[in-house]
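J.: The following comprises the amino acid sequence and a computationally predicted model.
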Amino acid sequence: METKIPEATAKRLPLYYRYLNNLLNANKLRVSSTELAEAIQVDAATIRRDFSYFGTLGKRGYGYDVHKLIDFFKKILDQDTLTNVALIGVGNLGHALLNFNFHKNSNVRIGAAFDIDPTMIGSVQSNVPVYGMAQLREQLQEQQIKIAIITIPAAIAQKVTDELVQSGIKGIMNFTTVRVSVPAEVRIQNIDLTNELQSLIYAIRHD
Ligand SMILES: NC(=O)c1ccc[n+]([C@@H]2O[C@H](COP(=O)([O-])OP(=O)(O)OC[C@H]3O[C@@H](n4cnc5c(N)ncnc54)[C@H](O)[C@@H]3O)[C@@H](O)[C@H]2O)c1
């Protein structure tokens, strides 16, 4: 699947996928864009536009075939293959993410963690081995890891990002407050909890 889809659409795919699986579990085999819209709080026109990027998947008056959609999204989301990601920085937030890990609910799991703390290196945290940064390149290559989550102090975020890029990382989920610079071919997803909370506060104040 080589169609270039907008980033906003790509972000909604896991949402669609999860909800469609719920429908299938409830033996519901067809769904309309209006039903989907109500369930996942995305307007129907957006859903129809999103789906149109993947060709005609729905029939007017009939709705969308849940099986077909799931098969389709599964391929796009690569749900059949388990993706290993790395975690850099096993502190407070890093521990929480390791403990949560993702594989219970999805096809993603943290396969390796890295830190500079000698008491942490060589240990296993929530079933994930913790390596020193000196082993970064070797482990990323061995486990074919292309994505890293960074939960490290802001002050060293850029330095560590550079190391990750040099070691072949193609996507970084950044929990630090620093907006790190990367080459054009590397994707960054910034997760800023304060921003999220502030948008919520703003939205509630202006309701
Ligand atoms: N704790 C939270 O709830 C929270 C929430 C959102 C964002 N953040 C951000 O996430 C980051 C981590 O927060 P925290 O509370 O987990 O911090 P922390 O100090 O508990 O953990 C940071 C970890 O990074 C390791 N580290 C330091 N330098 C390193 C390096 N060069 N390479 C690899 N590892 C290194 C440290 O040894 C430590 O284990 C911070 O940037 C923070 O702003 C934290």
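T.: Thanks, I have the structure now.
J.: residues from the protein in reach of the ligand?
T.: Proximity of the chain to the ligand, by CB under 6 Å from any ligand atom, involves residues 88-94, 114-117, 133, 151-154, 156, 160, 175-177, 193. Glycine gets a C-beta too; all of them are placed from N, C-alpha and C.
J.: in the chain, which helix has the most residues?
T.: helix 7-25 (DSSP state H).
J.: Report the buried residues of that one.
T.: Across helix 7-25, burial judged by 16 or more other CB atoms under 10 Å covers Thr9, Arg12, Leu13, Tyr16, Tyr17, Tyr19, Leu20, Leu23.
J.: Return the residues in contact with the third one.
T.: Spelled out, it's Leu13. Phe73, Ile76, Leu77 (CB atoms under 8 Å, 6 or more residues apart in numbering).
J.: Give me the distance between it and Val31.
T.: As judged by CB to CB, to the nearest Å, Leu13 and Val31 stand 15 Å apart.
J.: Now go through the residues of the chain next to the ligand and say which are in strands.
T.: Judged by DSSP state E, the residues of the chain next to the ligand include Ile88, Phe114, Asp115 as members of strands.
J.: Now do stretch 39-56, average pLDDT.
T.: Regarding stretch 39-56, the rounded mean pLDDT is 86.
J.: can you pull the alpha-carbon coordinates of that stretch into CSV?
T.: C-alpha atoms of stretch 39-56 as CSV (Å, rounded to 0.1, in the frame of the first residue of the first chain):
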residue,chain,number,x,y,z
ALA,A,39,-19.1,5.9,18.1
ILE,A,40,-15.7,7.4,17.6
GLN,A,41,-16.7,11.1,17.6
VAL,A,42,-15.3,12.0,14.2
ASP,A,43,-17.8,13.5,11.8
ALA,A,44,-19.2,11.3,9.0
ALA,A,45,-17.9,13.5,6.2
THR,A,46,-14.3,13.1,7.6
ILE,A,47,-14.7,9.4,7.8
ARG,A,48,-16.0,9.1,4.2
ARG,A,49,-13.1,11.3,3.1
ASP,A,50,-10.6,9.3,5.0
PHE,A,51,-12.0,6.0,3.5
SER,A,52,-11.9,7.5,0.0
TYR,A,53,-8.1,7.7,0.2
PHE,A,54,-8.2,3.9,0.2
GLY,A,55,-10.5,3.6,-2.9
THR,A,56,-14.2,2.8,-2.7
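J.: what residues does that stretch touch?
T.: By CB under 8 Å, 6+ apart, the residues outside stretch 39-56 that reach it are 3, 5-6, 9, 12, 15-16, 19, 33-34, 36-37, 57-58, 64, 69, 72, 76.
J.: In this structure, which residue sits closest to the ligand?
T.: The minimum distance from the chain to the ligand, using CB to the nearest ligand atom, falls at Gly91 (1.6 Å).
J.: about what we covered before: buried ones among the contacts of Leu13?
T.: Buried members of the contacts of Leu13, counted by 16+ other CB under 10 Å: Phe73, Leu77.
J.: Let's have the contacts of Leu13 in CSV, adding pLDDT and secondary structure.
T.: CSV is the format used below for those (pLDDT from 0 to 100; DSSP: H, G, I helix; E, B strand; the rest coil):
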residue, pLDDT, secondary structure
Phe73, 85, helix
Ile76, 81, helix
Leu77, 79, helix
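J.: Having no further points to raise, I will conclude here.
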